[in-house]
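J.: when you get a sec, could you give me coordinates for this:
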Amino acid sequence: MEVQAFDFDLPESLIAQTPLLDRTASRLLTLNKETGQTAHRTFEDLITYLEAGDLLVMNDTRVIPARLFGMKKDTGAKVELLLLKPLGEDRWEALVKPGKRMQLGAVAVFGTSMDEGDEPLLTAEVVEVGEMGARVLQFRYTGIFNEILDRLGEMPLPPYIKEQLSERERYQTVYAKHEGSSAAPTAGLHFTEAYLDKLQAKGIRLAFVTLHVGLGTFRPVSVDKIEDHQMHAEFYILSEETAAMINETKAAGKRVIAVGTTSARTLETAAGLAREQQSPEEGMPLIIQPSQGWTSIFIYPGYTFGVVDVLLTNFHLPKSTLLMLISALAGKANVMKAYEEAVKEEYRFFSFGDAMLIY
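T.: The predicted structure is shown next:
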């Protein structure tokens, strides 16, 4: 399948640059995956599409201040890092800009002053060189790494957002818990604690998975054929409690609603593992089991979903793996028509934009 088939025209003016003051104030475009019918609602109308016994599954990862600005130790040239994932023993995989300055053995320093003799708070040495600006860095410091990162780092907003974020917590979900993401699971940014309470009061249950968002979610597709694209691995955890709640929901004939593509990818990874361990006996129900590890699952049209019935998501980049994922759930023709409608109706796109419910 051609990547070009997932392209569409998007006016730059529709790329949301700042979050709304009220998280639940965004618009909601709904898409019936069977009929292709759309409706224009507000996010607070989400509750009318959910029923008692449905299970809302959310990604509780927490974004770290993963963007660092420093200088090359020997020349003083500016260097920018985006931390992607920890590799243990103070080694991280990261994206480096400009890559030509940071080749094997190069050292960058962070948290320095112009006074001679001052020791930097943080030092990074390139110990491996990968593709497209990827590097493995060995960090050296005194103290606690996360505290230094919190002091020196900035929130890693996507490159299409040009405005400065005035409040760090606005790029976190209200249920963010486990630190490790290089980007927020943005579909969850629409929820407030009060709205989650309102959903639970209706009998809608909440469950959590963890997927630390990294390069796999956002790396551009640079090939012509979808089948040739390789996803970057991201770490996930699906707990015993969440697995049990999913099993109970399915057994009761209710729906599993994934909040965001990261939650969907986590659930479908677990579904794949369950299928591998499942009895071949015909009619055997799908069982999800707790698991954790690295996932590089790539979902595109032709994929059969094993767990996810409904998806709440934001509006995605043209030719992105995220657009391909929602097309697998709702059908490419339905999705592209809905996106054409969203552009016409001037919905706000991407991380701080409006929401879409595929049901």
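
J.: right, and residue 184 touches residue 352 too?
T.: No - if you go by CB atoms under 8 Å, residue 184 and residue 352 don't touch, sitting 9.7 Å apart. C-beta: built from backbone N, CA, C; applies to glycine.

J.: ramachandran coordinates for residue 98?
T.: In terms of degrees, to the nearest 10, the main-chain angles of residue 98 are phi -80, psi 140.

J.: I meant residue 54, not that one.
T.: phi -70, psi 150.

J.: ok, the closest residue to residue 187 other than its chain neighbours to residue 248 distance?
T.: Leaving aside its chain neighbours, residue 187 sits nearest to residue 260 (3.5 Å; criterion: CB to CB, 6 or more residues apart in numbering). Per CB to CB, to the nearest Å, residue 260 is found 22 Å from residue 248.

J.: residue 160 too?
T.: 40 Å.

J.: try residue 269
T.: 20 Å.

J.: so which of the two has more stuff around it?
T.: For residue 269 versus residue 248, neighbours defined as other CB atoms under 10 Å are more numerous around residue 269 (24 against 13).

J.: check what pLDDT the more buried one gets.
T.: Per-residue confidence (pLDDT) for residue 269: 96.

J.: what sits against it?
T.: 236, 238, 291, 295, 297 (CB atoms under 8 Å, 6 or more residues apart in numbering).

J.: mind putting these in a markdown table, distance to residue 120 and neighbour count included?
T.: Shown next, in a markdown table, are these (distance: CB to CB, whole Å; neighbours: other CB atoms under 10 Å):
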| residue | distance to residue 120 | neighbour count |
| --- | --- | --- |
| 236 | 34 | 24 |
| 238 | 39 | 25 |
| 291 | 40 | 17 |
| 295 | 35 | 22 |
| 297 | 39 | 19 |
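
J.: take those residues and lay them out in a markdown table including pLDDT, secondary structure and distance to residue 252.
T.: Below are the contacts of residue 269 laid out as a markdown table (pLDDT from 0 to 100; DSSP: H, G, I helix; E, B strand; the rest coil; distance: CB to CB, whole Å):
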| residue | pLDDT | secondary structure | distance to residue 252 |
| --- | --- | --- | --- |
| 236 | 96 | strand | 25 |
| 238 | 97 | strand | 19 |
| 291 | 94 | strand | 22 |
| 295 | 94 | strand | 27 |
| 297 | 94 | coil | 26 |
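
J.: show me the strands in the stretch 151-300 of the chain, by range?
T.: 178-181, 205-211, 234-238, 256-259, 291-295 (DSSP state E, counting those that start in this stretch).

J.: tell me which other helices or strands the strand or helix carrying residue 93 touches.
T.: Applying DSSP states H and E as the criterion places residue 93 in strand 91-97. Contacts defined by 3 or more CB pairs under 8 Å, 6 or more residues apart in numbering; DSSP states H and E place strand 91-97 against strand 78-88, strand 122-129, strand 134-141.

J.: and the last one, what's buried?
T.: When burial is assessed from 16 or more other CB atoms under 10 Å, strand 134-141 yields the following buried residues: 134-139, 141.

J.: and which of the residues you listed is nearest to residue 87?
T.: residue 136 (6.6 Å; CB to CB).

J.: quick one, the strand holding residue 93 and strand 134-141 angle?
T.: Counting by axes from the mean of the first three to the mean of the last three CA atoms, to 10 degrees, strand 91-97 lies at 120 degrees to strand 134-141.

J.: tell me which residues are up against strand 91-97.
T.: Residues contacting strand 91-97 (CB under 8 Å, 6+ apart): 79-87, 102, 124, 126-127, 130, 132-139, 215.
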